[in-house]
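[1] what's the 3D shape of this:
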Amino acid sequence: MALTATLALVALPGLAGSRTSSERAPVPASAFQPLLAPASGPDSAIPNAGIDLGYLSSGYVLTDAPILERADLPPVDPPVRAQPDQPDPGATSTRKPPLQTLSGEATFYDAGHTAMRLPAGTVIVVCGAGGCLERVIGDYGPRAGTGRIIDLYRPDFFRICGCPSWSGVTDVTVYVY
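    Residues are numbered from 1 along each chain as shown. Sure, this is the predicted structure:
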């Protein structure tokens, strides 16, 4: 018990005074020494070697430097930039050939994914009467025996369908990459 009391007293820095603020003591006057400088006489002049020009900035104008107006300056030709020899880029795009091409019916559903009987993460391009979209398979479906090959997210379905909003089935071609 005595050991616990001793440790508790050591752990309290406030009792020892180590964490309390203290007032700063002023510098004693004896730390300063007097300097005697005669005000007149032959020894009163302080020698001056002159001012060093190293303190001047780079744009400093000397008193005897000539100043020219802009109109009096000689013309300067702009630098000539070298033209690199590069081939014409052309405006073409190519896609590697698909691993598989499927044709069939597509429907929509509201799960927010593209569902097909392929592994998740497979990249496909779905083309219909309204255009083509590139998507990644995110769900497994549709059920076997339904005659459909793909279920599309509703906005994607109507984008590639090109059909009115009451339609539910459209013919598509799916390119599997």
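[2] C-alpha only now, for contacts and for neighbours.
    Noted.
[3] doesn't residue 104 fall inside a helix?
    No: assessed with DSSP: H, G, I helix; E, B strand; the rest coil, residue 104 is strand; it does not lie in a helix.
[4] Where does pLDDT dip in the protein?
    Scanning the chain with the threshold set as pLDDT under 70 gives 7-22, 35-57.
[5] can we see that at 90?
    The chain contains residues with pLDDT under 90 at 1-96, 109-112, 141, 143-147, 162-168.
[6] would you list every one of the strands in it?
    Ranges of strands in the chain, per DSSP state E, are 100-109, 115-116, 123-128, 131-136, 148-153, 170-176.
[7] can you give me the angle the third one makes with strand 170-176?
    Counting by axes from the mean of the first three to the mean of the last three C-alpha atoms, to 10 degrees, strand 123-128 points 150 degrees away from the direction of strand 170-176.
[8] Could you export strand 123-128 as CSV, CA atoms only?
    Output of strand 123-128 as CSV, limited to C-alpha atoms (Å, rounded to 0.1, in the frame of the first residue of the first chain):
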residue,chain,number,x,y,z
VAL,A,123,-17.2,-7.0,-71.2
ILE,A,124,-19.9,-7.0,-73.8
VAL,A,125,-21.3,-4.7,-76.5
VAL,A,126,-25.0,-4.9,-77.0
CYS,A,127,-26.4,-3.6,-80.3
GLY,A,128,-30.1,-3.1,-81.2
